[in-house]
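Student: need a 3D model of the following:
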Amino acid sequence: MNTKETILARAAEIIAQRTVRQDKDSFGTLITIDPDGSPVPTTISPSRSEGIRWITFCTGKGAPSPVRLGQNSKAAVCLNSPTYHISLTGTAEVCTDPETCREMWYEGLANHFSGPDDPNFCVIRFTTRRYSLFIDWESVKGEIDVTSD
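Tutor: Below you'll find the model as predicted:
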């Protein structure tokens, strides 16, 4: 494996470990765009991921991020620690279909919602288009091939 492949694989591993299904104290930053075109960061827990290709977040339909995403789908995600920095840029969509909500549901959400069929529950699915990774003192930048989605 070359350096780029190694860093991409390590980033995927870190993101998977940072999802609430693996680490209950995990969180990251989701950045959305407000109506004035300004970025707005929000601390939120990732629920699932597929490598660096996509990450989901669970929240309420009336929360600020889903409302902003209804107006502008541009988004970014940042996960960091003293030993790594994962910065992803792309788009996000709000998913409310029952199948997605049931698939992304996890036990900790019961503190906020009655279940995956709660009418206020939704899933934000972030899809990466560009990445900037700094892991184990190595860095790589690039784009995701969207033709293979």
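
Student: tell me the secondary structure for the residue lying closest to Trp105 once chain neighbours are set aside?
Tutor: Leaving out its chain neighbours, the residue that sits closest to Trp105 by C-beta to C-beta, 6 or more residues apart in numbering is Pro116, at 3.9 Å. All C-beta spots, glycine's among them, are computed from the backbone N, C-alpha and C. Per DSSP: H, G, I helix; E, B strand; the rest coil, the local secondary structure of Pro116 is coil.

Student: quick one: Pro116 and Thr127, what's the gap?
Tutor: Per C-beta to C-beta, to the nearest Å, Pro116 is found 22 Å from Thr127.

Student: which stretches of this protein have low pLDDT?
Tutor: The model of the chain has pLDDT under 70 over residues 1, 20-25, 146-149.

Student: can you list contacts of the top helix by length along it?
Tutor: When the chain is parsed with DSSP state H, its longest helix is helix 3-18. The list of residues contacting helix 3-18 from outside it, by C-beta atoms under 8 Å, 6 or more residues apart in numbering, reads 1, 22-23, 26, 28, 46, 49, 51-52, 55, 79, 84, 86, 131, 133, 135-136, 138-140, 142.

Student: show me the contacts for the most centrally placed residue in the chain.
Tutor: What sits nearest the mean C-alpha location of the chain, by C-alpha atoms, centre = their mean, is Ile55, with 3.6 Å. By C-beta under 8 Å, 6+ apart, Ile55 lies in contact with Ile15, Thr19, Gly28, Pro46, Arg48, Ser49, Val77, Leu88, Arg125, Phe126, Thr128.

Student: how does it look with 10 Å?
Tutor: By C-beta atoms under 10 Å, 6 or more residues apart in numbering, the residues touching Ile55 are 15-16, 18-19, 28, 30, 44, 46-49, 77, 79, 86, 88, 90, 92, 124-128.
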